[in-house]
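Sequence and predicted model, in that order:
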Amino acid sequence: MLDPDIAALLGPAAPPPALSPDSIADMRAGMRAMGGALTGAKLPVVQDHSADGVAVRLYRPSAAHDLPLLVFLHGGGWFLGDLDTHDAMHRQLARQAGCAVLAVAYRLAPEHRFPAGLDDALAALRWARREAARLGCDVARIALGGESAGANLAAAVTLRLRTAGEAQPLFQLLVHPVTDMRFALPSIGAVAAPGLERRYLEACRALYLGAADPDDPLVSPLRAGSHAGLAPAIVLTAEEDPLRDDGEFYAAALVRAGVETLACRLPSLPHGFLFLPVAIPAVANAYACIARLILRHFSRDSGALLDNG
């Protein structure tokens, strides 16, 4: 059951409009208004940079040197969101987890279809590795994360790194990731969430992919022939999310491939819960949980196994 405070805030949900140039512009404006209404945590350092042409924003919770760094990719169906819409989210992650966060403004569909956003995500991670010391971050503790569409991109980046023979991030943080663009997993039909019906998800897919193959592992990471050798993973799903199985099936695939994986279903939360006000207790608890997991994974010995504590 959806958390009552969240249900009261969201109110009766109307189906999203059919995606068109006009409706996309309206939805982007609406997300900017919603993001601007959220109060972000005060941080001592917030800096905009260009990561080899990709706009990024660095959030530092302290001026200390050698902070661990989380490169983070926002959600929004591959066509919504930017550094300003998700500013409060990134501030909250940095403050609570005690790590630097590098937010990435990857290119959006339909103006820039697959693999443009994925290319930007990979470029930002490579830049972060190269510039970590200059940014006051620990080059040995760089992780990659994202939520929703951003988590899809993060998972795909680990596959690209493996193919290129490059080092994996210290860990990957996947918050309700999209992992199978066929949208055929059981929770799609089992969890009712107005606004995330199959029709809308398929429209988002069409905007992002164009003529690209939805079975491409860089689009649908669950469909990769192997998941061996990928970064240790934290996979968080939301109980009231039609895309819940995308994360849980992916976590199972990682485990089968021998990848250290911690999977957790957060109760009473909807898809996109990180974009909700942290004043809601259920949202605050979720942030606290994620922050503990980030802190623990940055703090643990690199060879230590994950536990369920």
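That came in fine, so what should we check first? Since this is a predicted model, take the numbers as computed values, not measurements. Residues are numbered from 1 along each chain as shown.

give me the number of residues near G117?
The local packing of G117 (other C-beta atoms under 10 Å) involves 26 other residues. Backbone N, C-alpha and C define where each C-beta goes, glycine included.

Which residue, neighbours along the chain excluded, lies closest to E260?
P232 (4.0 Å; C-beta to C-beta, 6 or more residues apart in numbering).

no wait, C289
L266 (7.0 Å).

Return the distance of the one you found relative to A116.
31 Å (C-beta to C-beta, to the nearest Å).

more neighbours, those two?
Shown here are L266 and A116; by other C-beta under 10 Å, L266 has more neighbours (20 against 16).

name the element that one belongs to?
strand 261-270 (DSSP states H and E).

ok, now R292?
With DSSP H and E as the test, R292 turns up in helix 281-299.

For that helix, which residues meet the burial criterion?
282-283, 285-287, 290-291, 293-294, 296-298 (16 or more other C-beta atoms under 10 Å).

So, low pLDDT: which residues of the stretch 101-250 of the chain?
Applying pLDDT under 70 to the stretch 101-250 of the chain flags no residue at all.

all strands for it, in order.
Under the criterion DSSP state E, counting those that start in this stretch, the stretch 101-250 of the chain contains strands at 137-147, 172-175, 233-240.

Please tabulate these in JSON lines and include distance to A156 and mean neighbour count as additional columns.
Formatted as JSON lines, the strands of the stretch 101-250 of the chain follow (distance: least, C-beta to C-beta, whole Å; neighbours: other C-beta atoms under 10 Å):
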{"stretch": "strand 137-147", "distance to A156": "10", "mean neighbour count": "23"}
{"stretch": "strand 172-175", "distance to A156": "11", "mean neighbour count": "28"}
{"stretch": "strand 233-240", "distance to A156": "13", "mean neighbour count": "24"}
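
May I see the ones you listed organised as TSV, with distance to D3 added?
Compiled in TSV, the strands of the stretch 101-250 of the chain are given as follows (distance: least, C-beta to C-beta, whole Å):
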stretch	distance to D3
strand 137-147	18
strand 172-175	17
strand 233-240	8
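
and of those strands, who's closest to D84?
Set against D84 and scored by C-beta to C-beta, those come closest in strand 137-147, at 16.4 Å.

which helices and strands sit right next to the closest one?
strand 67-73, helix 116-131, helix 149-164, strand 172-175, helix 281-299 (3 or more C-beta pairs under 8 Å, 6 or more residues apart in numbering; DSSP states H and E).

Tell me the strands beside that strand, with direction?
strand 67-73 (parallel), strand 172-175 (parallel) (DSSP bridges).

Quick one: these as TSV, columns for distance to D48 too.
Formatted as TSV, the strands paired with strand 137-147 follow (distance: least, C-beta to C-beta, whole Å):
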stretch	distance to D48
strand 67-73	15
strand 172-175	23
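
Minimum distance to A105: which of these has it?
Comparing these by their distance to A105 (C-beta to C-beta), the top pick is strand 67-73, with 9.7 Å.

Please name the residues that touch S50.
V56 (C-beta atoms under 8 Å, 6 or more residues apart in numbering).

what about it, helix or strand, and which?
Counting by DSSP H and E, S50 is found in strand 45-51.
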